[in-house]
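[1] for reference, the sequence and a predicted model appear below.
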Amino acid sequence: MAKLYFNYATMNAGKTTMLLQASYNYRERGMTTMLFVAGHYRKGDTGLISSRIGLEAEAEIFRDGDDLYARVAEHHEHTTVHCIFVDEAQFLEEEQVWQLARIADRLNIPVMCYGLRTDFQGKLFSGSRALLAIADDLREVRTICRCGRKATMVVRLGPDGKVAKQGEQVAIGKDVYVSLCRQHWEEEMGRAAPDDFIGFARN
Ligand SMILES: [Zn+2]
């Protein structure tokens with residue numbers, strides 16, 4: 001049986017590169033993949049998924065209220081689809097995550113989702129919450145904090161270069177995100193006093 005996968009991480013962990021590489025592997029074998037990406041920052045019906053190391057591919061846009069099961073089922077009727085890839089999966093609605101589960105269960109097509117687990121305030125995104133709840137297979141894509149520990153959190157830097165402590169979950173415009181371990185995230189957010197020993201030898 002096909003499965004619903006959720007590959008989650010913080011920002012800049014290489015999720016998109018993994019997605020594009022995996023899709024390429026299918027296509028290289030003559031198989032068909034469908035790629036989806038969130039429409040939050042995009043206009044039109046197609047979007048480009050591009051990774052920091054230069055890979056890119058065209059993808060369909062998903063927006064709130066879209067029926068992803070119907071779109072895949074229709075495509076699958078005339079062209080057999082071998083795998084579905086969803087980038088920015090944190091922006092999926094809960095109902096859309098269930099639609100993806102049905103694609104795996106009823107159409108027997110594996111669905112690979114890639115996205116952030118939590119926002120800059122340490123709260124789960126809607127899509128991530130649903131995926132963590134019902135995906136068959138959860139995989140953490142690792143990246144590291146400046147101190148070398150695993151980064152599990154993200155802070156958002158505003159235009160002034162300062163860490164945003166409040167605001168909308170989805171920022172309008174180009175903010176910069178930095179991945180941190182939980183301890184340094186709490187320090188950057190002003191929730192815990194900085195520990196001078198972090199990253200240095202302790203005597
Ligand atoms: Zn750290």
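    Happy to help now that I have it.

[2] strands of this protein, residue ranges please.
    Under the criterion DSSP state E, strands of the chain are mapped to 4-9, 33-38, 46-50, 56-62, 83-86, 111-116, 137-140, 153-157, 176-180.

[3] what lines up beside the first one in the sheet?
    To tie it back to what came earlier, the one meant is strand 4-9. Looking at strand 4-9 with DSSP bridges, its partner strands are strand 111-116 (parallel), strand 137-140 (parallel).

[4] list the buried ones in stretch 23-37?
    Across stretch 23-37, burial judged by 16 or more other CB atoms under 10 Å covers 23, 26, 33-37. All C-beta atoms are positioned from the backbone trio N, CA, C, and that covers glycine.

[5] got the angle for the lowest-mean-pLDDT helix or strand in the chain vs strand 33-38?
    Using mean pLDDT, DSSP states H and E, the weakest-scoring helix or strand in the chain turns out to be strand 46-50, at a mean of 86. Interaxial angle, strand 46-50 versus strand 33-38 (axes from the mean of the first three to the mean of the last three CA atoms, to 10 degrees): 90 degrees.

[6] what's strand 46-50 packed up against?
    Judged by 3 or more CB pairs under 8 Å, 6 or more residues apart in numbering; DSSP states H and E, strand 46-50 is in contact with helix 15-28, strand 33-38, strand 56-62.

[7] okay, the strands paired with strand 4-9 in a markdown table with mean neighbour count and mean pLDDT next?
    Formatted as a markdown table, those follow (neighbours: other CB atoms under 10 Å; pLDDT from 0 to 100):
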| stretch | mean neighbour count | mean pLDDT |
| --- | --- | --- |
| strand 111-116 | 26 | 96 |
| strand 137-140 | 13 | 96 |
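
[8] nearest to residue 192, out of these?
    With distances scored as CB to CB, the stretch of those nearest to residue 192 is strand 111-116 (22.2 Å).

[9] so what's the one residue sitting closest to the centre of the chain up against?
    Geometric centre of the chain, nearest residue: residue 115, 1.1 Å, by CA atoms, centre = their mean. Contact partners of residue 115, counting by CB atoms under 8 Å, 6 or more residues apart in numbering, are 6-8, 15, 86-92, 125, 127-128, 131.

[10] ok, now with 6 Å
    The contact partners of residue 115, by CB atoms under 6 Å, 6 or more residues apart in numbering, come to 8, 88-90, 128.

[11] confidence score at residue 170?
    pLDDT recorded at residue 170 is 77.

[12] can you tell me how far residue 124 is from the ion?
    21 Å (CB to the ion, to the nearest Å).

[13] residue 31 now?
    Taking CB to the ion, one finds residue 31 at 41 Å from the ion.
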